[in-house]
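Participant: just need the structure, nothing else, for what follows:
(chains A and B)
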Amino acid sequence: GNSVTQMEGPVTLSEEAFLTINCTYTATGYPSLFWYVQYPGEGLQLLLKATKADDKGSNKGFEATYRKETTSFHLEKGSVQVSDSAVYFCALSYYGGATNKLIFGTGTLLAVQP
Amino acid sequence: GAVVSQHPSWVICKSGTSVKIECRSLDFQATTMFWYRQFPKQSLMLMATSNEGSKATYEQGVEKDKFLINHASLTLSTLTVTSAHPEDSSFYICSAGPTRDSSQYFGPGTRLLVL
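Facilitator: This is a model prediction of the structure:
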């Protein structure tokens, strides 16, 4: 079956620290992989994506590489800011019931302190 | 662009009553919408897929008579929690999609508390 496992939070960092949030997956076939971010009081927003092995998704200084050999899609950022404080969800797409659907990890709360 | 709204954002109701949650795509037409449920510190769990003009498709274990979904137009899907009980208290999130890359646009969610 399909599943996504991501590291538990909360992750607390100081501003300008390096961020890694681990995400691994199991899937049949070759899913697309996503990171979504949820800021307080808002809906999930697509942060970045990768649609095939070795693709690197990037946006707003965040990066993640689709690693088929380790079934991973770890999120990284070189220097976090207070404004990056949010919940981050790793997700994969799968085809079911005649449409593409998403399955999510449990989410990781990131708190960045000034 | 691609904004999805939900109404209400918060609802408290008595046990046994029904509650309707609306999900609207504000600036685009959504032939497919998804309804999720999220428990504290847990993942989003897909409840059902809603297609405009046809019956919703429910995920395994979701009671279709309990969670009624209607997708009457290309911009509106509704979820009605019928005869709500305290165990139905949760955060309900809708989304529209899938887009060409399989991603979805999400609403801000509705928190339901059943007393």
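Participant: farthest residue from the center of chain A?
Facilitator: Distance to the chain centre peaks in chain A at residue A:98, reaching 25.1 Å (criterion: Cα atoms, centre = their mean).
Participant: for chain B, see how far away it is.
Facilitator: For residue A:98, the distance to chain B equals 8 Å [Cβ to the nearest Cβ, to the nearest Å]. C-beta coordinates here come from the backbone N, C-alpha and C atoms, glycine included.
Participant: so where do the strands sit in chain B?
Facilitator: Assigned by DSSP state E, the strands in chain B fall at B:4-7, B:10-13, B:19-25, B:32-38, B:44-51, B:57-58, B:67-73, B:76-81, B:90-96, B:105-106, B:110-114.
Participant: against which helices or strands is the first one packed?
Facilitator: Read that as strand B:4-7. The contact analysis (3 or more Cβ pairs under 8 Å, 6 or more residues apart in numbering or on different chains; DSSP states H and E) places strand B:4-7 against strand B:19-25, strand B:90-96.
Participant: circling back to that earlier point, make CSV out of the strands of chain B and add mean pLDDT and distance to residue A:51.
Facilitator: Below are these laid out as CSV (pLDDT from 0 to 100; distance: least, Cβ to Cβ, whole Å):
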stretch, mean pLDDT, distance to residue A:51
strand B:4-7, 95, 23
strand B:10-13, 96, 37
strand B:19-25, 96, 24
strand B:32-38, 94, 19
strand B:44-51, 93, 20
strand B:57-58, 94, 25
strand B:67-73, 91, 28
strand B:76-81, 96, 27
strand B:90-96, 95, 19
strand B:105-106, 93, 18
strand B:110-114, 96, 31
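Participant: rebuild those strands as a markdown table, extending it with distance to residue A:45.
Facilitator: As requested, those are exported to a markdown table (distance: least, Cβ to Cβ, whole Å):
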| stretch | distance to residue A:45 |
| --- | --- |
| strand B:4-7 | 11 |
| strand B:10-13 | 21 |
| strand B:19-25 | 15 |
| strand B:32-38 | 15 |
| strand B:44-51 | 14 |
| strand B:57-58 | 26 |
| strand B:67-73 | 23 |
| strand B:76-81 | 20 |
| strand B:90-96 | 11 |
| strand B:105-106 | 7 |
| strand B:110-114 | 18 |
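Participant: now those in TSV, with mean neighbour count?
Facilitator: Output for those, formatted as TSV (neighbours: other Cβ atoms under 10 Å in any protein chain shown):
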stretch	mean neighbour count
strand B:4-7	18
strand B:10-13	14
strand B:19-25	20
strand B:32-38	24
strand B:44-51	22
strand B:57-58	18
strand B:67-73	17
strand B:76-81	21
strand B:90-96	24
strand B:105-106	24
strand B:110-114	18
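Participant: flag every residue of chain B that's near chain A.
Facilitator: Within chain B, the positions adjacent to chain A are B:4, B:6, B:32, B:34, B:41-44, B:46, B:49, B:57, B:93, B:95, B:97-98, B:101-104, B:106-109 by Cβ under 8 Å from any Cβ of the partner chain.
Participant: for the residue positioned nearest the centre of chain B, name its beta-bridge partners.
Facilitator: Residue closest to the average C-alpha location in chain B (Cα atoms, centre = their mean): residue B:35, at 3.6 Å. Beta bridges link residue B:35 to residue B:48, residue B:94, judged by DSSP bridges.
Participant: what sits against it?
Facilitator: By Cβ atoms under 8 Å, 6 or more residues apart in numbering or on different chains, residue B:35 lies in contact with B:23, B:46, B:47, B:48, B:50, B:67, B:69, B:77, B:79, B:92, B:93, B:94.
Participant: ok, now residue A:101?
Facilitator: Contacts of residue A:101 (Cβ under 8 Å, 6+ apart): A:93, A:94, A:95, B:34, B:46, B:49, B:98.
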